[in-house]
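Enquirer: test case, fold it:
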Amino acid sequence: MNTLSGRLFARVSVYVQSALIGVCFWRDVQRMIGDWRPAWAPPVWFAGLHERLLGDPDTYFHSLANRALLAVLAAAVLMVARISRVTAATASC
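Expert: Coordinates of the predicted model:
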């Protein structure tokens, strides 16, 4: 790709990136095709959390609930870090 001119690179790189993303996505779909439950989708994580809070003993829902709690924790940590960074930047002005 480094041998292409700037104009040709701009035209070709979109197709190459799209093809690579498609290959990665297709590989993941093929890997999950045996399992009908989409554990990769965040809304399903929170459905698992809901089921766990209702008392469902299924271990699949427990693993989804753990992912949901981890996602909420990560979002909270990122929010606090961002707020502290913004307040530090505005306080120094």
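Enquirer: shaky segments in the chain?
Expert: 1-2, 29-37, 93 (pLDDT under 70).
Enquirer: can you give the domain ranges for it?
Expert: 1-36, 39-93 (automatic domain parsing).
Enquirer: if we go by neighbour counts, what in the first one is buried?
Expert: In other words, domain 1-36. When burial is assessed from 16 or more other Cβ atoms under 10 Å, domain 1-36 yields no buried residues. Using the backbone N, CA and C atoms, a C-beta is placed for each residue, glycine as well.
Enquirer: all helices of this protein, in order?
Expert: 6-32, 42-54, 59-91 (DSSP state H).
Enquirer: what helices or strands is the second one leaning on?
Expert: For helix 42-54, the helices and strands in contact under the criterion 3 or more Cβ pairs under 8 Å, 6 or more residues apart in numbering; DSSP states H and E are helix 59-91.
Enquirer: buried residues, the helix it packs on. List them.
Expert: Phe61, Leu64, Ala65, Arg67, Ala68.
Enquirer: between these, which is closest to Leu4?
Expert: Arg67 (41.5 Å; Cβ to Cβ).
Enquirer: list the contacts of the residue nearest to that closest one when sequence neighbours are not counted.
Expert: In space, and not counting its chain neighbours, Arg67 is closest to Trp45: 4.5 Å by Cβ to Cβ, 6 or more residues apart in numbering. By Cβ atoms under 8 Å, 6 or more residues apart in numbering, the contact set of Trp45 is Ala39, Leu64, Ala65, Arg67, Ala68, Ala71.
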